[in-house]
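S.K.: need a structure here:
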Amino acid sequence: MTVASTWVLLRGLGRESGHWGPFLPTLKAAATEAEVVTLDLPGTGTRLHDRAPRSMRQIVDCVRDEASSRGLLRAPLLLFGISLGGMVAMEWANSHSSEVAGIVIAASSASDLAPLLHRFSLVGVGSIVLNRFTRDPVLRQRRIAWLVSNRRDIRDRIVQEWLQIERDRPVSFPTLRAQLEAASRWRAPASLRVPSLFLVGRKGSPRASRLLAHPRPSLRRPSRGAPRRRPRPHDRRPRLGCGPLRALA
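M.R.: Numbers count the residues shown, from 1 in each chain. Next up, the predicted model:
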């Protein structure tokens, strides 16, 4: 079978390829004419022992190096990123647009479009704080599963899978700290030169995600000395053809 395109999936803060769970085979079954691969960020999963960079540009460089070593850059890629993975996808598309055919972003945000408190839900922040002081790994993973998944029918199975990942490949605190630093400082591109689709859920921080798709000039905070730029209405219009992902939404 000839592969028409390649989807690259990028997970979020402290997560790895194993956390895609049943979504990965479901997407592969739906995207019959595409190759679907996952890439781990430095400090997680298959790259657990790599040092996690503290800037988004450096994270992108590391991910691109792995993509290149796996022969994935022979044709433009379709990127699907969640949360921090979404920031990586947008930065990749902005800095190396010739390598990207389109992006799909879910539950992400940017420092210049939304204040810190609007980038996280109070429930999410509370869960993170509680987990920092919770010694019971089952309770930690149950909190996260309740926060990010609506699939009550498979939640117990997901928790068990995540527990095994935590035992086998625990993410270090320095990695989490570096990822948080990179995410907290990252600013969204003024425009994206590739087709883009933004997915907004009811949980998490939907307002911050909507602002990525339709940024309002009054909310974009420019760097010191940088001229203000009004985003063009078509800059972030969702026009990416990605039937498999829409079918799974």
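S.K.: burial count for H49?
M.R.: With neighbours defined by other C-beta atoms under 10 Å, the count for H49 comes to 9. For the C-beta atoms, the positions are set from N, CA and C on the backbone; glycine is no exception.
S.K.: if I look at it, how far off is R210?
M.R.: Look at H49 and R210: by C-beta to C-beta, to the nearest Å, they are 37 Å apart.
S.K.: same check on R151?
M.R.: Distance of R151 to R210, computed by C-beta to C-beta: 24 Å.
S.K.: higher neighbour count, those two?
M.R.: Under the criterion of other C-beta under 10 Å, the comparison of R151 against R210 puts R210 first, with 16 against 12.
S.K.: okay, and that one sits in which element?
M.R.: helix 206-213 (DSSP states H and E).
S.K.: count of neighbours near the closest residue to T46 other than its chain neighbours?
M.R.: Nearest residue to T46 in three dimensions, chain neighbours excluded: D40, at 5.0 Å (C-beta to C-beta, 6 or more residues apart in numbering). Using other C-beta under 10 Å, D40 has 21 other residues around it.
S.K.: tell me who's in contact with L24.
M.R.: By C-beta atoms under 8 Å, 6 or more residues apart in numbering, the residues touching L24 are L9, S17, V36, T38.
S.K.: quick one, strands of this structure?
M.R.: The residue ranges that make up the strands of the chain, judged by DSSP state E, are 5-10, 34-39, 77-82, 100-106, 196-199.
S.K.: average pLDDT across the third one?
M.R.: This means strand 77-82. For strand 77-82, the mean pLDDT works out to 97.
S.K.: worst mean pLDDT among the strands of the chain?
M.R.: strand 196-199 (a mean of 92).
S.K.: where does the prediction get shaky in the chain?
M.R.: 1-3, 115-129, 202-206, 215-249 (pLDDT under 70).
S.K.: what residues does M90 make contact with?
M.R.: G81, I103, I105, S108, A188, P189, L192, L212.
S.K.: which residues sit against stretch 7-15?
M.R.: 17, 19-20, 24, 27, 31, 34-41, 44, 63, 67, 72, 77-86, 88-89, 107, 171, 175-176, 179-180, 183.
S.K.: return the alpha-carbon coordinates of that stretch using PDB.
M.R.: Taking Å, rounded to 0.1, in the frame of the first residue of the first chain, the C-alpha atoms of stretch 7-15 are listed here in PDB:
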ATOM      1  CA  TRP A   7       0.800  11.700  10.900                       C
ATOM      2  CA  VAL A   8       3.200  12.500  13.800                       C
ATOM      3  CA  LEU A   9       1.600  12.500  17.200                       C
ATOM      4  CA  LEU A  10       3.000  14.600  20.100                       C
ATOM      5  CA  ARG A  11       1.900  14.200  23.700                       C
ATOM      6  CA  GLY A  12       1.800  16.900  26.400                       C
ATOM      7  CA  LEU A  13       3.400  17.700  29.800                       C
ATOM      8  CA  GLY A  14       5.100  14.700  31.400                       C
ATOM      9  CA  ARG A  15       3.400  12.300  29.000                       C
END
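S.K.: I appreciate the help and will end here.
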